[in-house]
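Peer 1: Got a sequence here, can you model it:
(one chain, ligands or ions: 1)
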Amino acid sequence: VPKVEARVRRYKWEVKYEMKSPDCYKKLAITINGRSPGPSIVARVGDTIIVELKNSLFTENVAIHWHGIRQIGTPWMDGTEGVTQCPILPADTFVYKFVVDRPGTYLYHAHYGMQREDGLYGSLRVLLNEGESEPFQYDYDRSIILNDWYHNSSKQQSFGLSSIPFVWVGEPQSILIQGRGKFDCSTPGTPTALCNASHPECAPYAITVVPGKTYRLRIGSLTALSALSFEIEGHNMTVVEADGHYVEPFTVKNLFIYSGETYSVLVTADQDPSRNYWMSAKIVSRNSNTTNGLAILNYYPNHPRRDPPTTPPAGPHWDDRRPRLAQSGAIRARRGFIHPPPQISDRTIVMLNTQNNVGGYRRWSINNVSFNMPHTPYLIAYKHNLLDAFDQRPLSDGHDFTTYNISAVQTNPNATTSNAAYRLKFNTTVDVILQNANTMNPDNSETHPWHLHGHDFWVLGYGVGKFDATKDAGSFNLVDPIMKNTVAVHPFGWTALRFRADNPGVWAFHCHIESHFFMGMGVVFEEGVERVGELPSSIMGCGHAKGFYKP
Ligand SMILES: O=C1O[C@H]([C@@H](O)CO)C(O)=C1O
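Peer 2: The predicted model follows:
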């Protein structure tokens with residue numbers, strides 16, 4: 001294979017508010033160059049991406065995270081406000097520059113407050129170099145992002161979440177497929193001036209296929225809240241990639257996908273070519289009355305706007321956990337592409353996920369600590385020894401809740417807020433056991449997709465009930481576990497993952513549900529920060545690093 005010269009790909013993005021009607025209902029959305037979803041980045045392995053980002057929000061800060069890119073050697077480019085950089089101020093331009101070092105399906109999105117759900121997101125596709133080939137075959141490559149959509153602004157939502165009494169965001173108004181959905185304008189209380197059922201922006205998204213051809217469909221989810229089941233009427237999907245890693249192919253009728261995950265599936269257009277077919281995304285795990293998101297699989301030469309003659313598939317029952325657990329458990333690394341994990345770990349952190357009242361506020365906690373974002377980004381604080389910028393008390397590794405009842409409402413009166421971080425010894429192997437529990441509502445536990453910045457982790461196993469180290473650690477898959485950057489913790493269950501603390505920097509690890517992270521459901525890992533090179537001054541200018549910014 002000839003060595004291909006790596007390229008530099010430059011993008012000029014302007015982030016601003018615009019009135020959009022992605023589900024026929026007009027609302028302010030955060031756009032990139034006028035678009036939501038924003039422009040897709042398509043690059044090849046080894047390319048350098050340069051995004052010159054101008055913040056034209058006038059009165060609001062911004063930051064963009066490159067989801068799934070590990071930022072090896074550039075931890076300051078991770079785009080996580082409060083962790084790796086100061087926010088980009090209105091009218092300022094910030095230049096993101098990083099290398100995409102691995103093929104796969106990735107995402108980008110806002111990582112400041114809850115802005116992601118205002119529409120600031122897009123896809124990042126990294127192709128193999130010319131002359132290299134995937135271990136599977138397809139004729140065409142397509143990407144879609146699934147999302148849920150609220151008519152309230154994220155600012156109104158975050159205000160409610162941090163109020164006493166607590167105001168929950170509720171279920172989304174619609175599900176978007178590649179930025180398009182359909183809110184029913186005849187819903188009582190809908191102002192007719194705001195809802196236009198025939199607005200061109202809310203025509204269903206259509207993927208045109210040529211009969212007989214096979215499509216690689218890259219599917220990412222950036223929902224604010226919802227777990228989804230995605231299916232294409234009459235077509236099976238063969239899963240071949242997850243979060244940038246090849247998986248041993250397996251075939252599904254519906255794909256469960258959680259916020260922050262990406263999958264590639266192969267779909268062959270082998271059905272009756274005289275018609276179109278529905279693609280449908282349904283909310284699972286929550287008892288939601290949001291209507292399913294719909295798009296069209298358009299068989300050429302039928303008209304892409306022609307509705308399929310059938311009723312869209314209803315999808316699985318929202319509360320049936322078994323198939324979701326079964327899909328999670330079925331995924332294996334692809335033979336020939338297995339990276340076996342270290343067989344032992346140096347440290348195990350058990351993270352009990354609970355919902356609590358802390359000081360009268362409704363919060364999510366990890367081992368009774370609810371996360372608050374500091375004003376001085378950790379990376380800057382560690383590198384410049386500004387350690388009074390955040391809580392220096394060590395956090396618990398959480399092995400002490402053997403008597404905790406995960407199946408009942410618990411008050412957890414010791415729950416508190418903190419912005420302390422976990423410090424990991426560089427180049428060690430760390431296990432994290434994510435333990436789910438009952439929320440503050442009786443007989444209720446939710447699905448939480450946990451996302452780790454700066455790494456991929458091995459998914460060692462899943463279980464129902466409380467993790468039992470003596471019994472469950474023996475069942476870990478140490479042979480062919482997949483690597484991912486986002487994984488679900490199922491209701492009342494646990495998920496075990498392992499990673500190498502080998503990427504110098506400071507990295508967020510959090511529930512990818514926008515409101516849950518806002519309510520404290522996350523932690524921060526520091527590793528090898530003494531090995532991080534000189535930080536660019538462009539990430540500075542806030543908190544204790546106020547005077548450090550040199551334009
Ligand atoms: O964080 C959450 O709060 C609500 C509910 O638990 C409040 O009663 C909910 O469904 C969440 O996911």
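Peer 1: can you count the residues close to the closest residue in space to Arg216 that isn't next to it in sequence?
Peer 2: Nearest residue to Arg216, sequence neighbours excluded (C-beta to C-beta, 6 or more residues apart in numbering): Tyr138, at 4.1 Å. Glycine gets a C-beta too; all of them are placed from N, C-alpha and C. Residues near Tyr138, counting by other C-beta atoms under 10 Å, number 19.
Peer 1: Which of the helices and strands in this protein ranks last by mean pLDDT?
Peer 2: helix 469-472 (a mean of 93; mean pLDDT, DSSP states H and E).
Peer 1: C-terminal to that helix, what's the next element?
Peer 2: strand 483-484 (DSSP states H and E).
Peer 1: Met483 contacts Leu460, correct?
Peer 2: No - counting by C-beta atoms under 8 Å, Met483 does not reach Leu460; the two are 11.0 Å apart.
Peer 1: Thr48 - how many residues pack around it?
Peer 2: 14.
Peer 1: scratch that, Ile49 is what I was asking about
Peer 2: 22.
Peer 1: Please apply the same query to Asn385.
Peer 2: 8.
Peer 1: mind checking how far it is from Thr376?
Peer 2: Per C-beta to C-beta, to the nearest Å, Asn385 is found 11 Å from Thr376.
Peer 1: Quick check: chain neighbours aside, which residue is closest to the residue of the stretch 351-500 of the chain found nearest the ligand?
Peer 2: The ligand sits closest to Thr439 of the stretch 351-500 of the chain, with a gap of 4.8 Å, by C-beta to the nearest ligand atom. If the residues on either side of it in the chain are set aside, Thr439 comes closest to Gln355, at 4.3 Å by C-beta to C-beta, 6+ apart.
Peer 1: beta partners of the one you found?
Peer 2: Trp364 (DSSP bridges).
Peer 1: That one is in contact with Ile366, isn't it?
Peer 2: No - contact status for Gln355 versus Ile366: not in contact, 11.4 Å apart, counting by C-beta under 8 Å.
Peer 1: Name the residue in those two with the higher neighbour count.
Peer 2: Ile366 (28 against 25).
Peer 1: In contact with the residue of the stretch 351-500 of the chain closest to the ligand, which residues?
Peer 2: For Thr439, the contacting residues are 355, 409, 445-446, by C-beta atoms under 8 Å, 6 or more residues apart in numbering.
Peer 1: Compare those residues and tell me which is most surrounded.
Peer 2: Gln355 (25 neighbours).
Peer 1: residue contacts, that residue?
Peer 2: Neighbouring residues of Gln355 by C-beta under 8 Å, 6+ apart: 362-365, 439-440.
Peer 1: Pipe those into CSV and attach pLDDT per row.
Peer 2: Listed next are the contacts of Gln355 as CSV, based on pLDDT from 0 to 100:
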residue, pLDDT
Arg362, 98
Arg363, 98
Trp364, 98
Ser365, 98
Thr439, 98
Met440, 98
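Peer 1: Can you flag the buried ones in the residues you listed?
Peer 2: Among these, the ones that count as buried by 16 or more other C-beta atoms under 10 Å are 362-365, 439.
Peer 1: Relative to Ser515, which of those is nearest.
Peer 2: Among these, Trp364 lies closest to Ser515 (C-beta to C-beta), at 9.1 Å.
Peer 1: What's the local residue count around Tyr17?
Peer 2: Count around Tyr17 with other C-beta under 10 Å applied: 17.
Peer 1: ok, and it, which helix or strand is that part of?
Peer 2: For Tyr17, the host element (DSSP H and E) is strand 8-20.
Peer 1: Which elements pack onto the following helix or strand past that strand?
Peer 2: Going down the chain from strand 8-20, the next helix or strand is strand 27-32, by DSSP H and E. Applying 3 or more C-beta pairs under 8 Å, 6 or more residues apart in numbering; DSSP states H and E, one finds that strand 27-32 makes contact with strand 8-20.
Peer 1: make it 10 Å
Peer 2: strand 8-20, strand 121-127 (3 or more C-beta pairs under 10 Å, 6 or more residues apart in numbering; DSSP states H and E).
Peer 1: Number of residues surrounding Gln327?
Peer 2: 18.
Peer 1: just checking, it touches Val247?
Peer 2: No - if you go by C-beta atoms under 10 Å, Gln327 and Val247 don't touch, sitting 11.2 Å apart.
Peer 1: What are the boundaries of the helices in the chain?
Peer 2: Along the chain, counting by DSSP state H, helices occupy 154-161, 322-330, 378-383, 469-472, 514-518.
Peer 1: which of those has the lowest average pLDDT?
Peer 2: With a mean of 93, helix 469-472 has the lowest mean pLDDT of those.
Peer 1: rewinding a little: look up how far Ile482 lies from the residue nearest to Arg216.
Peer 2: Distance, Tyr138 to Ile482, using C-beta to C-beta: 20 Å.
Peer 1: Ok, Ser345 next?
Peer 2: In terms of C-beta to C-beta, Ser345 sits 17 Å off from Ile482.
Peer 1: neighbour count winner among those two?
Peer 2: Taking neighbours as other C-beta under 10 Å, Ser345 and Ile482 compare with Ile482 leading, 23 against 19.
Peer 1: The more buried one contacts Tyr462, doesn't it?
Peer 2: No - here Ile482 does not reach Tyr462: they are 12.0 Å apart, not a contact under C-beta under 10 Å.
Peer 1: can you list residues touching both of those two?
Peer 2: Among the neighbours of Ile482, none is also in contact with Tyr462 (C-beta atoms under 10 Å, 6 or more residues apart in numbering).
Peer 1: Which residues of the protein lie near the ligand?
Peer 2: 168, 355, 439, 441, 446, 516, 519 (C-beta under 6 Å from any ligand atom).
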